[in-house]
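Q: sequence-free structure coming up:
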DNA sequence: TTCCGACAGTGGGGTCGCAAT
DNA sequence: ATTGCGACCCCACTATCGGAA
């Protein structure tokens, strides 16, 4: 199949507003794909490379190459070049990557170049990713979309399911049950603004401490133990503490879901930055483990001793978990039977925060484990802080925010009467706010370099954030975690904005 | 007809590893 | 040694489509 066909379909998908139309366009293409092309075509149209990320980003792509006059590249040729690209390493790698990208881009038409750039940066922006591709695949093969989706979640891979489905038909789906040793997409949570709201919504529920670490899925099959992250990356080699613990548990086959986190000598959790740094260290794992040991803390079990527990209610899965995993390696929790237990749930949240944790997860006791879904059966509750900050500058947006000032540079007052930048945010704005702030900030503009518009520091905005973290980038030595706009405060003058001093005083656990 | 679940988009900061300087 | 880039951790929020109520 010609690569140009894919680029064309991607453009048509982007242009279609209705999701049903996008699905149909993808289905047409999948039906026409030859068996050898399927493992390539499917991920491409889901906006990903079958090779995963291959070391090419905006920098390499910024070197322009004139497009080819007509379409000639085949899907197989593109795939071969990208495989070659992914294997490049060692001295001279940058030049070699540039050479291969140049060869690829030089053989591509303008439209193919656009699609390739999207694939390589992971930003195809066609309004369709995995979920729509799954629908398209179901339509192309006549399979039940819900069953295809479930197979993809359990296989942890769209192209694996696609290949089997297109080769063998809907019967192939039976094969993709939960298999110990093969990672499953983890169940995700939505947010709730308070414990009371969460408990009222879910009824009988567990309230569990939410640890600020790295999500892990641990598989053991006899002596074979594997540890995977939320995106199913294999980090087994970096987690010797976790594999050792998994081998000591009293079952030789299981799949556990949990979090790894590092505790300090005082028993309190280390900062997310410290845990993440440890989990990211791979050159000298023994040394890193000596300095920052991590502990797994489990909250769910998906399989044990040959039994698949996914469809059991959480209450029953947790009973299995308690049998398998001893107390200190399980997340602390309390159970709320309904609204009458809200006070107890709130007490548990306060206690959890006092222990230095992030917040709580509220989970419906009746809910099955919905792999890969961000369902409403799990709700996270974290305390939210707010500040009144001053807009120092704004950046021009991209995609649907093109032509709008989007990303705000936020400043707090300093002792000398100036402002110290604390970070940026693009979150929380409605379209109306985007339009309003673009107009207002242009009135305040003092400089526009085409990327950043600097403004007179006069506009006050209320910002919500989850906490402070250390920063080497910003002048105060700290930055806001997950900053988002709540509302503009036109009733406030910049002299009334919050100060760096007050911010640091409110977060004594973080020192710049 | 209205409501709501699921998705995609729009990007944020930090850390590590690697290659280039 | 330092710097820049890319990958991958953590993530919030809004708009939109389309099925459910």
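A: Received the coordinates, thanks. Computed from a predicted structure; not experimentally measured.
Q: is it true that residue A:218 lies in a strand?
A: Yes - under DSSP: H, G, I helix; E, B strand; the rest coil, residue A:218 sits within a strand.
Q: just give me the neighbour total for the nearest residue to residue A:471 once chain neighbours are set aside.
A: Distances taken as CB to CB, 6 or more residues apart in numbering place residue A:479 nearest to residue A:471, at 3.9 Å, with adjacent residues excluded. (Each C-beta comes from the backbone N, C-alpha and C, glycine too.) Using other CB atoms under 10 Å, residue A:479 has 21 other residues around it.
Q: next secondary structure after the host helix or strand of residue A:479?
A: Assessed by DSSP states H and E, residue A:479 sits inside strand A:478-481. The helix or strand immediately downstream of strand A:478-481 is strand A:484-488, counting by DSSP H and E.
Q: next one: that following strand, is it in contact with DNA strand C?
A: Yes - on the criterion CB under 7 Å from any atom of the strand, strand A:484-488 is in touch with DNA strand C at residue A:484.
Q: output the contacting helices and strands for that strand.
A: When contacts are defined as 3 or more CB pairs under 8 Å, 6 or more residues apart in numbering; DSSP states H and E, strand A:484-488 packs onto helix A:431-444, strand A:460-465.
Q: where do the strands sit along the stretch 351-500 of chain A?
A: A:359-364, A:378-381, A:385-396, A:405-413, A:419-425, A:445-448, A:452-455, A:460-465, A:467-470, A:478-481, A:484-488 (DSSP state E, counting those that start in this stretch).
Q: quick one on the thing from earlier: neighbouring strands - and their directions - for the strand holding residue A:479?
A: strand A:467-470 (antiparallel) (DSSP bridges).
Q: mean pLDDT and distance to DNA strand B added to the strands of the stretch 351-500 of chain A, as TSV?
A: Shown next, in TSV, are the strands of the stretch 351-500 of chain A (pLDDT from 0 to 100; distance: least, CB to the nearest atom of the strand, whole Å):
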stretch	mean pLDDT	distance to DNA strand B
strand A:359-364	96	12
strand A:378-381	95	11
strand A:385-396	96	6
strand A:405-413	97	4
strand A:419-425	96	4
strand A:445-448	96	16
strand A:452-455	96	10
strand A:460-465	97	10
strand A:467-470	96	5
strand A:478-481	96	4
strand A:484-488	96	8
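Q: now do the same contact list for residue A:41.
A: A:1, A:6, A:29, A:30, A:33, A:75 (CB atoms under 8 Å, 6 or more residues apart in numbering).
Q: again, but for residue A:440
A: Residue A:440 neighbours (CB under 8 Å, 6+ apart): residue A:459.
Q: mind listing the helices for the stretch 151-300 of chain A?
A: For the stretch 151-300 of chain A, the helices defined by DSSP state H, counting those that start in this stretch occupy A:158-168, A:195-202, A:240-248, A:272-280, A:285-291.
Q: which one of the contacts of residue A:41 is nearest to residue A:12?
A: residue A:29 (9.7 Å; CB to CB).
Q: residues in contact with the residue in chain A positioned nearest to DNA strand B?
A: Proximity of chain A to DNA strand B (CB to the nearest atom of the strand) peaks at residue A:399, 1.7 Å away. The contact partners of residue A:399, by CB under 8 Å, 6+ apart, come to residue A:125.
Q: cool, and residue A:133?
A: Contacts of residue A:133 (CB under 8 Å, 6+ apart): A:26, A:42, A:45, A:46, A:158.
Q: is DNA strand B within reach of the strand or helix carrying residue A:132?
A: Secondary-structure element containing residue A:132, defined by DSSP H and E: helix A:130-141. Yes - judged by CB under 7 Å from any atom of the strand, helix A:130-141 comes into contact with DNA strand B through A:130, A:131, A:132, A:133.
Q: average pLDDT across that helix?
A: Here helix A:130-141 scores 95 as its mean pLDDT.
Q: circling back: out of the helices of the stretch 151-300 of chain A, nearest to residue A:185?
A: The nearest among the helices of the stretch 151-300 of chain A, by CB to CB, is helix A:158-168 at 10.5 Å.
Q: roughly how far out does that closest one sit from the chain middle?
A: 25 Å (CA atoms, centre = their mean, to the nearest Å).
Q: buried set for that helix?
A: A:158, A:159, A:160, A:161, A:162, A:163, A:164, A:165, A:166 (16 or more other CB atoms under 10 Å).
Q: a markdown table for those residues, including pLDDT and distance to DNA strand B?
A: As requested, the buried residues of helix A:158-168 are exported to a markdown table (pLDDT from 0 to 100; distance: CB to the nearest atom of the strand, whole Å):
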| residue | pLDDT | distance to DNA strand B |
| --- | --- | --- |
| A:158 | 93 | 11 |
| A:159 | 90 | 15 |
| A:160 | 92 | 18 |
| A:161 | 94 | 14 |
| A:162 | 93 | 15 |
| A:163 | 92 | 20 |
| A:164 | 93 | 20 |
| A:165 | 92 | 17 |
| A:166 | 90 | 19 |
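Q: relative to residue A:51, which of those is nearest.
A: residue A:159 (11.1 Å).
Q: so who does the closest one touch?
A: By CB under 8 Å, 6+ apart, residue A:159 lies in contact with A:38, A:39, A:42, A:43, A:50.
Q: got CSV for these, with distance to DNA strand B, neighbour count and secondary structure too?
A: Compiled in CSV, the contacts of residue A:159 are given as follows (distance: CB to the nearest atom of the strand, whole Å; neighbours: other CB atoms under 10 Å; DSSP: H, G, I helix; E, B strand; the rest coil):
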residue, distance to DNA strand B, neighbour count, secondary structure
A:38, 19, 21, helix
A:39, 19, 17, helix
A:42, 13, 29, helix
A:43, 13, 22, helix
A:50, 17, 17, coil
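Q: and for the host helix or strand of residue A:21, what's in contact with it?
A: Secondary structure from DSSP H and E places residue A:21 in helix A:19-32. Applying CB under 8 Å, 6+ apart, the contact partners of helix A:19-32 are A:1, A:5-6, A:9, A:12-13, A:16, A:38, A:41-42, A:45, A:126-128, A:132-133, A:135-137, A:139-141, A:162, A:166.
Q: alright, I will stop here.
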